[in-house]
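In: One predicted model, sequence on top.
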Amino acid sequence: MKIVELNQSNTILNRYLAEIRDIHIQKDSLRFRRNIERIGEIMAYEISRDLPYQPMEIQTPLALATENVPAIQPVVATILRAGLPLHQGFINYFDQAENAFVSAFRKYINEDHFDIHIEYIASPRLDGKTLIITDPMLATGGSMELAYKALLTKGEPAHIHVASIIASRQAVEHVKKTFPADKTTIWCAAVDPELNAHSYIVPGLGDAGDLCYGEKE
């Protein structure tokens, strides 16, 4: 399974990553959401390198030109609610893509233990298509696994791109065990070393959904 850590190269993505981690800049929710969206745009650009391409003839005002363009459009899926700004960044670039949405939430049994529940899915048929599943935080990998299984009810994709801004090392290992290795690529802006007792990524950035949209009760 191919795993790409984008912060291992020095690009402008690292600036946006630094800002969404910063507890002072995080207080500006508009800037936080926009930085998530920007990272989504950069990740979409990087993933576009892996798509198949074909030549296309274009009539300019002066003559014919030929450009290589994507031969397919992916299906861009996200996990609600935290995934919405990241999803927007992706569809800013994949503007002809089909879209899918899955809701997943933690139902806490006590302070440190929870189950993950899927309540909603809206998706086109996925048979033979390239599926990109976006979620800004890949903590345990459980939500991503359940979202993928829910999406499989809509068909078997030809390739899956798992796209998260920050993942834990544990979650990366979980995805490697639960997704088909021969047709899955994991894309992360950063992979952090651990989870705390509440299954939040450390150092991470906190709760991405709350930082985007306000604290939930």
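Out: On my side now, so go ahead.

In: from here on, contacts and neighbour counts on C-alpha atoms
Out: Will do.

In: all helices for the protein, in order.
Out: Using DSSP state H, the helices of the chain run over residues 13-21, 29-48, 84-93, 142-151, 169-178, 208-213.

In: Any chance of the ones you listed in TSV with distance to H198 and mean pLDDT as columns?
Out: Compiled in TSV, the helices of the chain are given as follows (distance: least, Cα to Cα, whole Å; pLDDT from 0 to 100):
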stretch	distance to H198	mean pLDDT
helix 13-21	18	98
helix 29-48	23	98
helix 84-93	23	98
helix 142-151	14	92
helix 169-178	14	97
helix 208-213	15	93
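
In: Most tightly packed of these?
Out: helix 84-93 (a mean of 23; mean count of other Cα atoms under 10 Å).

In: now the angle from that one to helix 29-48?
Out: Compare the direction of helix 84-93 with that of helix 29-48 by axes from the mean of the first three to the mean of the last three Cα atoms, to 10 degrees and you get 50 degrees.

In: I would like the residues contacting helix 84-93, please.
Out: 33-34, 36-41, 43-45, 76-78, 97, 134-136 (Cα atoms under 8 Å, 6 or more residues apart in numbering).

In: Okay, now the unreliable bits of the protein?
Out: 105-116 (pLDDT under 70).

In: one step back: what would the helices of the chain look like in CSV with distance to I186?
Out: Below are these laid out as CSV (distance: least, Cα to Cα, whole Å):
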stretch, distance to I186
helix 13-21, 17
helix 29-48, 10
helix 84-93, 15
helix 142-151, 11
helix 169-178, 8
helix 208-213, 19
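
In: of all these, which lies closest to P61?
Out: helix 84-93 (25.6 Å; Cα to Cα).

In: roughly how far is that closest one from the heart of the chain?
Out: Per Cα atoms, centre = their mean, to the nearest Å, the displacement of helix 84-93 from the mean C-alpha position of its chain is 9 Å.

In: ok, now stretch 187-204?
Out: Per Cα atoms, centre = their mean, the centroid offset for stretch 187-204 relative to its chain is 15 Å.

In: Run through who's touching that stretch.
Out: The contact list for stretch 187-204 (Cα under 8 Å, 6+ apart) reads 3-7, 13, 17, 21, 43, 111-113, 137, 139-140, 161-170, 206-207.

In: measure it end to end?
Out: 16 Å (Cα to Cα, to the nearest Å).

In: which of the residues in it are buried?
Out: Neighbour counts over stretch 187-204 (16 or more other Cα atoms under 10 Å) mark 187-192, 194-195, 200-202, 204 as buried.

In: Now render those residues as JSON lines, adding distance to Y148.
Out: JSON lines is the format used below for those (distance: Cα to Cα, whole Å):
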{"residue": "W187", "distance to Y148": "16"}
{"residue": "C188", "distance to Y148": "17"}
{"residue": "A189", "distance to Y148": "20"}
{"residue": "A190", "distance to Y148": "21"}
{"residue": "V191", "distance to Y148": "20"}
{"residue": "D192", "distance to Y148": "22"}
{"residue": "E194", "distance to Y148": "23"}
{"residue": "L195", "distance to Y148": "22"}
{"residue": "Y200", "distance to Y148": "21"}
{"residue": "I201", "distance to Y148": "21"}
{"residue": "V202", "distance to Y148": "25"}
{"residue": "G204", "distance to Y148": "23"}
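
In: Now flag whichever of the residues you listed is closest to A181.
Out: W187 (13.9 Å).

In: how near is the closest one to I12?
Out: On the measure of Cα to Cα, W187 and I12 end up 16 Å apart.
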